[in-house]
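Enquirer: below: sequence and its predicted model.
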Amino acid sequence: MCTGSCSKFVAIPLYVLAPLSIICNIMLFFPGLETKYAANSSEEMSFLTEEVKYMGGLIGGGIMVLIPAIHIHLTSAKNCCANRCGMFLSIGFAAVGVLGAVYSLSVAALGLSNGPTCWWTNGDNPLQWGAPFAGGNGSYLANKEIWDWCKEPKNVVEFNVGLFATLLVAACLELILCLIQMVNGLFGCICGTCGKE
């Protein structure tokens with residue numbers, strides 16, 4: 001496979017994964033698909049899971065991957081960036097994508113580990129707003145019975161786990177694809193793009 005074709009193979013999935021990350025991050029701002037939690041959050045009292053505000057999916061897995069994807073795709077186009085210089089630049093753009101994917105991966109893993117912020121009680125404690133699973137190293141993931149501790153927003157644990165897990169998988173795939181492009185860009189820079197020049 002020529003390096004130009006490999007660039008197209010890398011860029012097209014990135015075009016899908018970056019918007020997916022953005023959508024997942026935006027949805028996390030609306031637990032239970034309600035706007036009241038985002039609207040009523042303030043510096044003193046936050047009704048949102050802390051990791052949502054880091055915007056790993058929007059900034060890291062979204063924008064920092066989408067911009068490199070555009071340049072990576074252009075290196076596969078004839079008469080544009082399909083030359084050694086374009087492939088050299090794609091290494092730098094892919095490195096930016098790697099940084100974005102690592103940021104998204106870190107935030108998603110942290111979000112899964114700490115769990116959601118919710119109105120909760122476990123019978124021993126009075127009803128309170130907070131993160132009941134924080135500091136438990138993600139042990140709540142294996143014990144679905146304690147998911148009932150969160151009373152409001154409804155099904156917030158499933159909501160957070162589903163979206164943060166999707167962000168985690170998307171970030172892993174973005175990381176792999178951007179690393180492949182860094183190697184592909186190096187080969188394209190040294191050997192050329194297989195285009196008839």
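Expert: Structure's in. What do you need?
Enquirer: next structured bit after the lowest-mean-pLDDT helix or strand in the chain?
Expert: Lowest on mean pLDDT, DSSP states H and E among the helices and strands of the chain sits helix 36-40, with a mean of 77. Using DSSP states H and E, the helix or strand that follows helix 36-40 in sequence is helix 64-74.
Enquirer: and that following helix, C-alpha only, in PDB?
Expert: Provided in PDB are the C-alpha atoms of helix 64-74 (Å, rounded to 0.1, in the frame of the first residue of the first chain):
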ATOM      1  CA  MET A  64      -7.200  18.200  18.100                       C
ATOM      2  CA  VAL A  65      -7.900  15.100  16.000                       C
ATOM      3  CA  LEU A  66     -10.200  16.600  13.300                       C
ATOM      4  CA  ILE A  67      -7.700  19.300  12.200                       C
ATOM      5  CA  PRO A  68      -4.900  16.700  11.700                       C
ATOM      6  CA  ALA A  69      -7.400  14.400   9.900                       C
ATOM      7  CA  ILE A  70      -8.000  17.100   7.300                       C
ATOM      8  CA  HIS A  71      -4.300  17.500   6.600                       C
ATOM      9  CA  ILE A  72      -3.700  13.700   6.700                       C
ATOM     10  CA  HIS A  73      -6.500  13.300   4.100                       C
ATOM     11  CA  LEU A  74      -5.000  16.000   1.900                       C
END
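Enquirer: quick one on the thing from earlier: hey, C-alpha coordinates of the least confident helix or strand of the chain in CSV?
Expert: C-alpha atoms of helix 36-40 as CSV (Å, rounded to 0.1, in the frame of the first residue of the first chain):
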residue,chain,number,x,y,z
LYS,A,36,-31.4,21.9,34.4
TYR,A,37,-28.1,20.4,35.7
ALA,A,38,-25.9,22.3,33.3
ALA,A,39,-28.0,25.5,33.7
ASN,A,40,-27.9,25.4,37.6
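Enquirer: now the closest residue to residue 105 other than its chain neighbours: which helix or strand?
Expert: Distances taken as Cβ to Cβ, 6 or more residues apart in numbering place residue 171 nearest to residue 105, at 3.8 Å, with adjacent residues excluded. Backbone N, C-alpha and C define where each C-beta goes, glycine included. Element membership for residue 171 (DSSP H and E) is helix 156-191.
Enquirer: what is the mean pLDDT for that helix?
Expert: Here helix 156-191 scores 91 as its mean pLDDT.
Enquirer: buried ones in that helix?
Expert: Of the residues in helix 156-191, 156-157, 159-161, 163-164, 166-168, 170-171, 173-175, 177-179, 181-182, 184-186, 188-189 count as buried by neighbour count, 16 or more other Cβ atoms under 10 Å.
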